[in-house]
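> Take this sequence and fold it.
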Amino acid sequence: MSDLGLLSYYLGLEVIQGIDGIKIHQSRYAKRILEESGMWECNSTKYPMGPGLKLMKDDGSTCVDATEYRKTIGCLWYLTHTRPDLAYSVGYASRYMQTPKITHLQAVKQILMYLKGTVDVGIHYRRNGSNNLLGFSDSSFSVDPDDGKGTTGLVFYFDDGPIA
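Residues are numbered from 1 along each chain as shown. Just a heads-up that it's a prediction; the model follows:
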């Protein structure tokens, strides 16, 4: 074994360890996603998904390249390790990977536009915090027009950093 020093980069996760705590982000990876999807020059937006957006499996619009759609969704899923703010919108868009349509791609582009404005966002775990554990959950029942299933979500914070 050899000591390589403090962890600074591992599998796309950038780690900054300081006296105030540990910061984890994926800025380089987020920039690469934007470049590969051709959205690096796009305008940014404040929200990853429009409020009240309702997508359906077959909405009558034309199909898009499923391989490219799946690749982008997969990259965004990996980004949610340090970006829990993207989890719901990426999860919602990933329901339509079988036969993605133009409307589904527009929803993914909205996520990418949000990502453009928040590339450097990550998680900060503070040293000597108050050791508070806080959890939230929410659910919606029978709101999916395709199969009638609901959506459930939860997030747990330790101090100010999400842990689950």
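> Wait, Met56 touches Ala107, no?
No - look at Met56 against Ala107 with Cβ atoms under 8 Å: they stay out of range, at 11.6 Å. To be clear about C-beta, it is placed using only N, CA and C from the backbone, and glycine gets the same treatment.
> which one of those two has more residues nearby?
Neighbours per residue (other Cβ atoms under 10 Å) separate Met56 from Ala107, with Ala107 holding more: 21 against 14.
> Doesn't that one belong to a helix?
Yes - applying DSSP: H, G, I helix; E, B strand; the rest coil, one finds Ala107 inside a helix.
> For it, give me its contacts.
By Cβ atoms under 8 Å, 6 or more residues apart in numbering, Ala107 lies in contact with 49, 53, 55, 89, 92-93.
> If we use 7 Å, what do you get?
Listed by Cβ atoms under 7 Å, 6 or more residues apart in numbering, the contact partners of Ala107 are 49, 53, 55, 93.
> quick one: the strands in the protein?
9-10, 13-18, 21-25, 122-126, 133-140, 151-158, 161-162 (DSSP state E).
> any chance of these in a markdown table, with mean pLDDT and mean neighbour count too?
Shown next, in a markdown table, are these (pLDDT from 0 to 100; neighbours: other Cβ atoms under 10 Å):
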| stretch | mean pLDDT | mean neighbour count |
| --- | --- | --- |
| strand 9-10 | 90 | 9 |
| strand 13-18 | 93 | 15 |
| strand 21-25 | 93 | 17 |
| strand 122-126 | 90 | 17 |
| strand 133-140 | 85 | 10 |
| strand 151-158 | 82 | 13 |
| strand 161-162 | 84 | 17 |
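> got the ones you listed as a markdown table, with distance to Glu41 columns?
Below are the strands of the chain laid out as a markdown table (distance: least, Cβ to Cβ, whole Å):
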| stretch | distance to Glu41 |
| --- | --- |
| strand 9-10 | 26 |
| strand 13-18 | 23 |
| strand 21-25 | 22 |
| strand 122-126 | 23 |
| strand 133-140 | 35 |
| strand 151-158 | 32 |
| strand 161-162 | 31 |
